[in-house]
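> Task: produce atomic coordinates for the following.
(one chain, ligands or ions: 1)
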Amino acid sequence: MKIKINRELCIGCGLCASICEQVFEMDKEYKAVVKAQKDIPCVKEAIENCPVSAISK
Ligand code: F3S
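Below you'll find the predicted structure:
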């Protein structure tokens, strides 16, 4: 399992970081980054709710 963010797609909405703060955070360019590879339930929620489907695992 490897959680990935497609930076080309990410529009910086911040949803993933707000619903799953243990795994995602926003960087200085307002793109999401994976700060910890943790397979916890909110990862799935973030994948399903990202408006541009930029998260995969
Ligand atoms: Fe970007 Fe999607 Fe998160 S647009 S900030 S990866 S919810």
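
> Quickly find the element holding the residue positioned nearest the centre of the chain.
Nearest to the geometric centre of the chain sits Cys16, at 4.5 Å (C-alpha atoms, centre = their mean). The secondary structure element spanning Cys16 is helix 15-19 (assigned by DSSP states H and E).

> Are that helix and the ligand in contact anywhere?
Yes. Using C-beta under 6 Å from any ligand atom as the criterion, contacts between helix 15-19 and the ligand involve Leu15, Cys16. Any C-beta I mention is one placed from the backbone N, CA and C, and that applies to glycine too.

> if we look at that helix, which residues are touching it?
5, 23-26, 32, 42, 45-46, 49-51, 55 (C-beta atoms under 8 Å, 6 or more residues apart in numbering).

> Same check on stretch 33-45?
By C-beta under 8 Å, 6+ apart, the list of residues contacting stretch 33-45 from outside reads 1-5, 19-20, 22-27, 55, 57.

> Now list the buried members of the residues you listed.
Using 16 or more other C-beta atoms under 10 Å as the burial test, the contacts of stretch 33-45 include Ile3, Ile5, Ile19, Cys20, Val23, Phe24, Met26, Ile55 as buried.

> Much appreciated, bye for now.
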